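In: build me a structure from this.
(one chain, ligands or ions: 1)
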Amino acid sequence: MEEKRYAVAIDGPSGAGKSTMARRIANDLGFVYVDTGAIYRTVGYYIHLCGIGPRDIHQITRLIDDINITITYPEDGIQHMILNGQDITQEIRTPLMSDYASKISAFPVVRSFLLDMQRDMARRHNVVMDGRDIGTVVLPQADVKIFLTASSEVRAHRRFLELQERGETVTYEKVLADLQQRDTQDSSRAIAPLRAAKDAVTVDSTQLDLEQTVAAIRKIIREKLGL
Ligand code: DC
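Out: Numbers count the residues shown, from 1 in each chain. Predicted coordinates for the structure are as follows:
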């Protein structure tokens, strides 16, 4: 008999703190953390590398089968993205790649290309998976579904502080505008839009600090999984 695999899905808009939460919870539970945004970013990176714009569906369709993506978890405990043999984990973390990922992820050809990869991870491991459509499309049978959100102003403020800490010169207004544009793109696309699953528990972290958010999510997981 196949061993039972557990899946925790964490969806929500950009900058809600999904990856920080998912990593912490995965660590607690001894599950594998799967950052699905990184997979979309990797596709976007390849398209950009080929000199193709993020809305050029004809070229994207032509190129998609040339993309070979592998996910590895080396000693540093970070999810590494390997694109056609090259580690591009750092390169995908730029505002340009955020925008590419958000735009190319609206195309059905891209979403179906990545669907099996994500489901396969959940077949092979106990996972905490974060993204936009994990609870609704990728893993509709997930044991726990969390929709993590916060006001766009609070999310932009947190992102702004993060970027400042990294030494990047940005204004809060620009960060807020980019984030709102991504929210609109991610929620208004026809296929697998950003949306809370019917059976998801929503955690609004607008008024919560990091530890309070972790505590709220842990409580939901304990109640659902008994862990
Ligand atoms: O989580 P992130 O910011 O790294 O994601 C980048 C983009 O990828 C996001 O704006 C939309 C897309 N994405 C998606 O469409 N579905 C997912 N499950 C994860 C990300």
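
In: neighbours around His125, how many?
Out: As a burial measure, His125 scores 18 neighbours (other CB atoms under 10 Å). For every residue, glycine as well, the C-beta is placed using N, CA and C.

In: quick one: contacts for Arg124?
Out: Contacts for Arg124 (CB atoms under 8 Å, 6 or more residues apart in numbering) come out as Arg5.

In: let the chain start at 18 from now.
Out: Let's use 18 as the start, then, which means that last one is Arg141.

In: relative to the ligand, how far out is it?
Out: Distance check for Arg141 against the ligand: by CB to the nearest ligand atom, to the nearest Å, it reads 18 Å.

In: measure that residue to Asp133 for me?
Out: 12 Å (CB to CB, to the nearest Å).

In: phi, psi of Thr223?
Out: Main-chain dihedrals, Thr223, degrees, to the nearest 10: phi -50, psi -40.

In: what sits against it?
Out: With the criterion set at CB under 8 Å, 6+ apart, Thr223 makes contact with Ala167, Ser168, Val171.

In: packing partners of the helix or strand hosting Asn44?
Out: Element membership for Asn44, per DSSP states H and E: helix 35-46. When contacts are defined as 3 or more CB pairs under 8 Å, 6 or more residues apart in numbering; DSSP states H and E, helix 35-46 packs onto strand 24-28, strand 49-52, strand 144-148, helix 227-242.

In: after the third one, which helix or strand is next?
Out: Read that as strand 144-148. Next along from strand 144-148, by DSSP H and E: strand 161-166.

In: and what of the second one?
Out: Of the helices and strands lying after strand 49-52 in sequence (DSSP H and E), the nearest is helix 53-66.

In: CA atoms only: put that next one into PDB for me.
Out: The C-alpha coordinates for helix 53-66 follow below in PDB (Å, rounded to 0.1, in the frame of the first residue of the first chain):
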ATOM      1  CA  THR A  53       6.100  27.200  -6.900                       C
ATOM      2  CA  GLY A  54       6.600  30.900  -7.700                       C
ATOM      3  CA  ALA A  55      10.300  30.000  -8.200                       C
ATOM      4  CA  ILE A  56       9.300  27.500 -10.900                       C
ATOM      5  CA  TYR A  57       7.300  30.200 -12.800                       C
ATOM      6  CA  ARG A  58      10.200  32.600 -12.400                       C
ATOM      7  CA  THR A  59      12.500  30.000 -14.000                       C
ATOM      8  CA  VAL A  60      10.300  29.700 -17.100                       C
ATOM      9  CA  GLY A  61      10.200  33.500 -17.200                       C
ATOM     10  CA  TYR A  62      14.000  33.700 -16.900                       C
ATOM     11  CA  TYR A  63      14.400  31.300 -19.900                       C
ATOM     12  CA  ILE A  64      12.000  33.300 -22.000                       C
ATOM     13  CA  HIS A  65      13.800  36.500 -21.200                       C
ATOM     14  CA  LEU A  66      17.200  34.800 -21.900                       C
END
